[in-house]
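> Have a look; sequence and predicted model below, questions after that.
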Amino acid sequence: MIEIKALTKSFNGQKVLDGVDLTIAKGEILVVLGQSGTGKSVLLKHIIGLLKPDSGSVKLNGTDISQLTERELLAVRKKVGFLFQDGALYDFMTVFENVAFPLVEHTKLSVQQVTEKVIATLESLDLHEVGNKLPSELSGGMRKRVALARAIILDTDILLCDEPTSGLDPLRSRDISDVIYKISRKLGCSTVIASHDITNSFRIGDRLALLNDGKVAAMGSAEQFRKSEDHFVKEFMLR
């Protein structure tokens, strides 16, 4: 479970998050919506501990990660998968090597065990035929899948996705959204997706949180958003 309370963060005097309160249950998919610059990515970086709050707290399974040492934080991060907007794959590594990297770095599995786990993960994402390819040889949608495979290879409890449909056409956007939904349900992990993609967010999100002026302006299911009479919610959905 993820518990965020009264979270604030400023950069150069500009407040980006201003008292954000969110709770994400185990197995839930929460999509954080908002215009560019509203703090969606900043929120994700707090959940994984890449940023520390000015005030407030971020708790993962009851542990306030802002109070942890760097060594303690590294241990927590092993159970948090992060799908970066651009994938952040290593260009000089093959698909297989990219996905295997967290296992090699953070576990004591044998070469055979690593191989078996990577193959199983690639197969679960329909990537079994591209293991020997470099990221540059893949389409944008396939690179997103590889990045997702790497994000979940350590059997993540929490999956964070930063604009997963960015740069993809409508068909590929729907495809990667469906894959994230399928993987999240299979793992039973808490999933938080930062997105501007209203169509796919409404399809796969259990709940949606809309940020505005550093605060949660609206929260609810897709149906509740559609029926909302709130002026800002209605205006955002027309964009």
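Yep, that arrived.
> And the pLDDT for residue 63?
We note a pLDDT of 90 for residue 63 in this prediction.
> quick one: the strands in the protein?
Counting by DSSP state E, residue ranges of the strands within the chain are 2-11, 14-24, 29-33, 55-60, 63-64, 80-83, 158-162, 190-195, 207-212, 215-220.
> Out of those strands, which is the most enclosed?
Per residue and on average, the most neighbours among those fall to strand 190-195, with a mean of 26 (mean count of other CB atoms under 10 Å). No exception for glycine: its C-beta is placed from N, CA and C like everyone else's.
> Which neighbouring elements make contact with that one?
strand 14-24, strand 29-33, helix 40-47, strand 158-162, helix 170-187, helix 198-204 (3 or more CB pairs under 8 Å, 6 or more residues apart in numbering; DSSP states H and E).
> Just put those in a markdown table and tack on mean pLDDT and distance to residue 119.
Supplementary listing: the helices and strands packed on strand 190-195 in a markdown table, determined by pLDDT from 0 to 100; distance: least, CB to CB, whole Å:
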| stretch | mean pLDDT | distance to residue 119 |
| --- | --- | --- |
| strand 14-24 | 94 | 31 |
| strand 29-33 | 97 | 27 |
| helix 40-47 | 94 | 29 |
| strand 158-162 | 96 | 21 |
| helix 170-187 | 94 | 16 |
| helix 198-204 | 94 | 27 |
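> is it true that residue 63 touches residue 73?
No: using CB atoms under 8 Å, residue 63 is not in contact with residue 73; the gap is 10.0 Å.
> Setting the sequence-adjacent residues aside, check what's closest to residue 106.
Spatially, and ignoring its direct neighbours in sequence, residue 106 is nearest to residue 78 (5.5 Å; CB to CB, 6 or more residues apart in numbering).
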